[in-house]
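**Q** got a sequence here, can you model it:
(2 chains)
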Amino acid sequence: MTVTAASTQALPAEWRDFFALTKPRVMSLVVFTGLCGLLAAPGHINPVLGFTAVLCIALGAGGAGALNQWWEADIDALMKRTSKRPLPSGRLRRTDARDFGVALSVASVLVMGLAVGWLCGAILALSIVYYAVVYTIWLKPRTPQNIVIGGGAGAFPPLIGWVAVTGDITAMPVLLFAIIFMWTPPHFWALALFVKTDYAKAGIPMLPVVAGEAVTRRQILVYSAILLVVSLLPWWIGGTGALYGLAALVLSGVFLALATPVALRRALEGDKMAPEKRLFGFSIIYLFALFTALVADHYLLGQGSLA
Amino acid sequence: MTPEEDARFKRARRGRNLALALVLLAFVALFYAITIAKMVH
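**A** Numbering: from 1, shown residues only, chains lettered A, B, ... in the order given. Alright, predicted model coming up:
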């Protein structure tokens, strides 16, 4: 066979490398919260269309993830956690990653619009632009509040899932958005506290690097307290039953209890960062448990009368 | 291109083509199902 100019540059990638571009682990959380929003919403959706909605949320998140890695390839190469990704390790051409990301994003929005509805398609498009452009390209390299803003991108899936069923935006889906929005900063900053050296090297203004540990720890506590209030709101406004309310109170209470020692202590040289790791680990369980409670509440108690 | 590189190139291309074929087939099935679901409505 003849050697083309392109193939001398880098050997063509395997399908696995394209799959890795979509950030499959992030996608699992996105699919889960999107599905929960869809299941907890009042009303009925054809199972095929419901499946399509969740699929499009996943495809859109994958496209946005690919665009994020296309833009950040140079930064990813500098950090241990991300240096094995397909682009920094040279297994994939940058333009291929960009085109793959654009194709996934456009396809997900079109299918969502045609099959489920154009309001859902529009919100999905907004979430992709928000993550790939507003967060990745514009604000992440510029402000230490990048995680707060980036949290908005991850907060869209349950909103989209809910709107797929009801067809309009009401208080409940907006509150689900707000819960993930408030959850992201303490979740991510807990992680940033024990891996912060990497971000400093890559020049990303993560809060612990720029404003210092003390500020970050205080902010974790503030957001955890707000999260407690926001997570209870769906119950207070009558959008869910007591099962969800109780679960939210217990889970957010534990979250706040784990955030308190993180906020009050200072890490010494050679610190194992156990409280930070504990908070980070629990924050993942928290989100899965809270949204499971939301769905269980809807099906067991059937009190979710407020759309 | 060495014989090893050539083999790897062909293997990667074959894998990509297979993956693309599966994705396209899945989309055909999905659009069929969506059409039926929409007609029932």
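
**Q** where exactly do the helices run in the stretch 101-250 of chain A?
**A** For the stretch 101-250 of chain A, the helices defined by DSSP state H, counting those that start in this stretch cover A:118-129, A:146-166, A:171-202, A:207-210, A:213-236, A:242-264.

**Q** can you pull the buried residues of the last one?
**A** The one in question is helix A:242-264. Using 16 or more other Cβ atoms under 10 Å in any protein chain shown as the test for burial, helix A:242-264 gives A:243-245, A:247-248, A:251-252, A:255-256, A:258-260, A:262-263. In this view, the C-beta of every residue, glycine as well, is placed from N, C-alpha and C.

**Q** the first one now?
**A** Of the residues in helix A:118-129, those buried under the neighbour-count criterion (16+ other Cβ under 10 Å) are A:Leu119, A:Cys120, A:Gly121, A:Ile123, A:Leu124, A:Ala125, A:Ser127, A:Ile128.

**Q** near chain B, which of those residues show up?
**A** When the buried residues of helix A:118-129 are filtered against chain B using Cβ under 8 Å from any Cβ of the partner chain, no residues are retained.

**Q** ok, back up a step: what's the closest of the buried residues of helix A:242-264 to chain B?
**A** The shortest approach to chain B among the buried residues of helix A:242-264 belongs to A:Tyr244, at 29.9 Å (Cβ to the nearest Cβ).

**Q** in this structure the closest one contacts A:Val295, no?
**A** No: the criterion here is Cβ atoms under 8 Å, and A:Tyr244 misses it with A:Val295 at 9.1 Å.

**Q** just send the helices of the stretch 101-250 of chain A back as a markdown table, with distance to A:Leu110 too.
**A** What follows is the helices of the stretch 101-250 of chain A, written out as a markdown table (distance: least, Cβ to Cβ, whole Å):
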| stretch | distance to A:Leu110 |
| --- | --- |
| helix A:118-129 | 7 |
| helix A:146-166 | 15 |
| helix A:171-202 | 22 |
| helix A:207-210 | 37 |
| helix A:213-236 | 32 |
| helix A:242-264 | 35 |
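
**Q** looking at the stretch 101-250 of chain A, which residue is nearest chain B?
**A** Closest to chain B within the stretch 101-250 of chain A is A:Ala115: 4.7 Å, counting by Cβ to the nearest Cβ.

**Q** give me the pLDDT for that residue.
**A** The per-residue pLDDT reported for A:Ala115 equals 96.

**Q** quick one: residues contacting it.
**A** By Cβ atoms under 8 Å, 6 or more residues apart in numbering or on different chains, the contact set of A:Ala115 is A:Leu49, A:Thr52, A:Ala53, A:Cys56, B:Ile34, B:Lys38.

**Q** also A:Gly152?
**A** Going by Cβ under 8 Å, 6+ apart, A:Gly152 touches A:Tyr130, A:Tyr135, A:Phe181.

**Q** could I get these as TSV with neighbour count?
**A** As requested, the contacts of A:Gly152 are exported to TSV (neighbours: other Cβ atoms under 10 Å in any protein chain shown):
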residue	neighbour count
A:Tyr130	18
A:Tyr135	21
A:Phe181	21
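
**Q** chain B: helices as residue ranges?
**A** For chain B, the helices defined by DSSP state H occupy B:3-40.

**Q** so where is it shaky, pLDDT-wise?
**A** For chain B, applying pLDDT under 70 flags the ranges B:41.

**Q** how about the residues of it near chain A?
**A** For chain B, the residues in contact with chain A (Cβ under 8 Å from any Cβ) are B:1, B:5-6, B:8-9, B:11-13, B:15-16, B:18-19, B:30, B:33-34, B:36-38, B:40-41.

**Q** return the members of these classed as buried.
**A** Taking 16+ other Cβ under 10 Å as the criterion, what is buried in the residues of chain B next to chain A is B:Phe9, B:Ala12, B:Arg16, B:Leu30, B:Ala33, B:Ile34, B:Ala37.

**Q** is it true that A:Phe194 touches A:Glu276?
**A** Yes: using Cβ under 8 Å, A:Phe194 is in contact with A:Glu276, at 5.2 Å.

**Q** of these two, which one has the most company?
**A** Relative neighbour count places A:Glu276 above the other of A:Phe194 and A:Glu276, with 26 against 16, counting by other Cβ atoms under 10 Å in any protein chain shown.

**Q** residues contacting the more buried one?
**A** A:Glu276 neighbours (Cβ under 8 Å, 6+ apart): A:Ala190, A:Leu191, A:Leu193, A:Phe194, A:Val262, A:Ala267.

**Q** how close does it get to A:Pro186?
**A** According to Cβ to Cβ, to the nearest Å, A:Glu276 and A:Pro186 sit 10 Å apart.

**Q** how about A:Ala125?
**A** Distance, A:Ala125 to A:Pro186, by Cβ to Cβ: 29 Å.

**Q** with A:Asp271 instead?
**A** Applying Cβ to Cβ, the value for A:Asp271 to A:Pro186 is 19 Å.

**Q** more neighbours: which of these two?
**A** Set side by side, A:Asp271 and A:Pro186 show more neighbours around A:Pro186, with 30 against 13, by other Cβ under 10 Å.

**Q** no more questions from me, cheers.
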